[in-house]
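# structure for the following, please:
(one chain, ligands or ions: 2)
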Amino acid sequence: MRYVSTRGGGKPRSFTDILLEGLAPDGGLYLPEEYPQLDKRTLSDFSKLLSQEGYAALAAKVLALYIDDMDELTLARLCEGAYGGGKFSAADIVPATQIGQQMWLGHLSYGPTAAFKDMAMQLLGELFEEVLSQRGQVLNILGATSGDTGSSAEYAMANRRGIKVFMLTPRGRMSPFQQAQMFSLTDPNIFNIAIAGVFDDCQDIVKAISADLEFKRAHHIGAVNSINWARLLAQVVYYIGLYLQVSEKTGAEKVSFCVPTGNFGNVCAGHIARQMGLPIDRLIVATNENNVLEEFFTTGRYRVRSAQQTLATSSPSMDISKASNFERFIFDLLGRDGARCRELFANQLRNSGYFELPEAVFAKISDFGFQSGSSTHANRLEQIRLLDREGIEIDPHTADGVQVAKTQGADLTSPIVVLETALPVKFSQTIREATGHGPKVPGRFADIEKGPRRVVDLENDPEVVKDYLREFGL
Ligand SMILES: Cc1ncc(COP(=O)(O)O)c(C=O)c1O
Ligand SMILES: N[C@@H](CCOP(=O)(O)O)C(=O)O
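Ligands and ions are numbered 1, 2, ... in the order given. This is a model prediction of the structure:
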């Protein structure tokens, strides 16, 4: 399988060549030349594999559809390293539980940092170490986080050979737990950087530095954000795993997913699974008050917002107004026309801050199964409270998904799986506000907020971050 840029530049490249990079040299994002197709027989084989050999075995098989420059035994070993060994607190890794007549929770947050990001990041840690040691290379990972990607990447990469992590965080915007989870790490290869700005500013710095190809090569800069194709590939696996579980338990041929959305990474993996032929009915994009994507899916107008217009909400990890992976979907929507995609993202969006799709193109969105809604703070509190009364704890991001599944899913006949994207322990203040009591605290997190803090403040300026990388990078 070869990979192409959404902006049409460069030659198709292999998986291990794009693994360490993130953005393509032309500023686009990588996607496979084509999506391998899942027929009924393959799904039935996958179902047997999942029940007999477990999630790691399923992951290795799905990865093998996309990776032809690593052998299947190696992929199996890396997937076992990522999902085996008790790293996840649920034996079946992504269990599905029923929370309503038609509604299910897909539990994605049983990994080391209690957020769905672990599903991909644990695998990335294994893949990076393997490819770096084969090639005798080192990597300075430069990432941006709104709260969960950062800790997940740092837990996955801490103490790995030949890797340093430089993680940009929006100063003061993350929950106290999220800050403590990252800033209390003392591993010498981890560097936390607080930027005066929002997540989009941090992500812009990452993209600006990645666009300086000379600097990127000279300083071995790599990416762990979902601009990195491998993040999405790892996430495709759990759509398949959850589909198999829920269709088997309900007898439904098609299943819908409702996905709390910020950077469009999680739901983009759902889009890819659907393009592979996984029988997904609807993909419901659930946003918070920062509802740029809801606006797009209801009007065809994509209008990014400034840092000042990006609200601080009670689902802080989704306080994002420029969703990186959205470009991947638009590329597919435009029939994979890289030149048009470049025109929209590199010119029109950059120059005017928005683009609007012609009606004929917008009309095609329903072929892709997308619909969208948003939640307010009050909605999220209500959903947390309602489920708490039944003994089910959810975090504010998952609550956004539950709210939107209720409003958008009312007319659907397929079961809806709401993706649980974090555990409530990360957002105790909101849980307390909703229920009057704090969330369950897994033992490993008991004293996390009492630890030391290791973080430096840097200006919101790519040049300042480059200087920091020159000084501390490998
Ligand atoms: C807890 C949580 N929920 C939802 C999201 C949204 O996911 P995505 O950015 O993949 O859309 C994020 C991060 O963005 C997150 O950390
Ligand atoms: N919510 C994320 C934002 C980063 O997005 P990603 O898609 O690159 O992981 C976070 O928690 O940091």
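
# rounded mean pLDDT for stretch 227-243, please.
Stretch 227-243 comes out with an average pLDDT of 98.

# and that stretch, how far from the chain's centre?
9 Å (CA atoms, centre = their mean, to the nearest Å).

# use 689 as the first number for this chain going forward.
Understood, numbering begins at 689; the last thing we discussed is stretch 915-931.

# tell me who's in contact with S1005.
Contact analysis of S1005 by CB atoms under 8 Å, 6 or more residues apart in numbering lists 803, 834-836, 862, 866, 950, 1085, 1109-1110. In this view, the C-beta of every residue, glycine as well, is placed from N, C-alpha and C.

# tell me the secondary structure for the residue lying closest to it once chain neighbours are set aside?
Of all residues not flanking S1005 in the chain, G835 sits nearest, at 4.4 Å (CB to CB, 6 or more residues apart in numbering). Under DSSP: H, G, I helix; E, B strand; the rest coil, the three-state class of G835 is coil.

# separation between G835 and L707?
25 Å (CB to CB, to the nearest Å).

# name the residue in those two with the higher neighbour count.
More neighbours surround G835 than the other of G835 and L707, with 30 against 26 (other CB atoms under 10 Å).

# centre of the chain versus stretch 1112-1131, how much separation?
The chain centre lies 23 Å from the centre of stretch 1112-1131; the measure is CA atoms, centre = their mean.

# could you see whether ligand 1 lies near that stretch?
No. Stretch 1112-1131 stays clear of ligand 1 (CB under 6 Å from any ligand atom), getting no nearer than 7.4 Å.

# mind exporting that stretch as PDB, just the C-alpha atoms?
This file holds the C-alpha atoms of stretch 1112-1131, laid out as PDB (Å, rounded to 0.1, in the frame of the first residue of the first chain):
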ATOM      1  CA  PRO A1112     -14.600  11.100  34.500                       C
ATOM      2  CA  VAL A1113     -11.600  11.100  36.800                       C
ATOM      3  CA  LYS A1114     -10.000  13.600  34.400                       C
ATOM      4  CA  PHE A1115     -12.800  16.200  34.900                       C
ATOM      5  CA  SER A1116     -13.800  15.900  38.600                       C
ATOM      6  CA  GLN A1117     -15.000  19.500  38.900                       C
ATOM      7  CA  THR A1118     -17.700  19.000  36.200                       C
ATOM      8  CA  ILE A1119     -18.700  15.600  37.600                       C
ATOM      9  CA  ARG A1120     -19.100  17.200  41.000                       C
ATOM     10  CA  GLU A1121     -21.200  20.100  39.600                       C
ATOM     11  CA  ALA A1122     -23.400  17.600  37.800                       C
ATOM     12  CA  THR A1123     -23.900  15.000  40.500                       C
ATOM     13  CA  GLY A1124     -22.800  16.500  43.800                       C
ATOM     14  CA  HIS A1125     -20.100  13.900  44.300                       C
ATOM     15  CA  GLY A1126     -16.700  13.300  42.800                       C
ATOM     16  CA  PRO A1127     -15.800  10.600  40.200                       C
ATOM     17  CA  LYS A1128     -14.300   7.200  41.000                       C
ATOM     18  CA  VAL A1129     -10.500   7.500  41.200                       C
ATOM     19  CA  PRO A1130      -8.600   4.500  39.900                       C
ATOM     20  CA  GLY A1131      -5.900   3.600  42.500                       C
END
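
# ok, the residue nearest to S1005 touching S863?
Yes. Contact criterion CB atoms under 8 Å: G835 and S863 qualify, at 6.5 Å.

# so who does I928 touch?
By CB under 8 Å, 6+ apart, the neighbours of I928 are 726, 731, 734, 746, 750, 961, 966.

# out of those residues, which end up buried?
Neighbour-count burial (16 or more other CB atoms under 10 Å) is assigned, among these, to 726, 731, 734, 746, 750, 961, 966.

# follow-up on the earlier one: which ones among the contacts of I928 lie within helices?
Here DSSP state H is the test, and the contacts of I928 give 731, 734, 746, 750, 961 as lying in helices.

# any idea how far the closest residue in space to the first one that isn't next to it in sequence lies from ligand 1?
Closest residue to L731 apart from its sequence neighbours, by CB to CB, 6+ apart: L932 at 7.0 Å. In this view, L932 and ligand 1 are 22 Å apart by CB to the nearest ligand atom, to the nearest Å.

# which of the residues in the helix or strand where L932 lies are buried?
According to DSSP states H and E, L932 maps onto helix 917-938. By neighbour count with 16+ other CB under 10 Å, helix 917-938 contains the buried residues 917-935.

# any idea how far M855 lies from ligand 2?
9 Å.

# what's the neighbour count on that residue?
27.

# assumed R970 was part of a strand.
Yes. According to three-state DSSP, R970 belongs to a strand.

# my guess is it contacts S1060. True?
No. Look at R970 against S1060 with CB under 8 Å: they stay out of range, at 10.1 Å.

# okay, and the common contacts of the two?
By CB under 8 Å, 6+ apart, R970 and S1060 have these common neighbours: Q1096.
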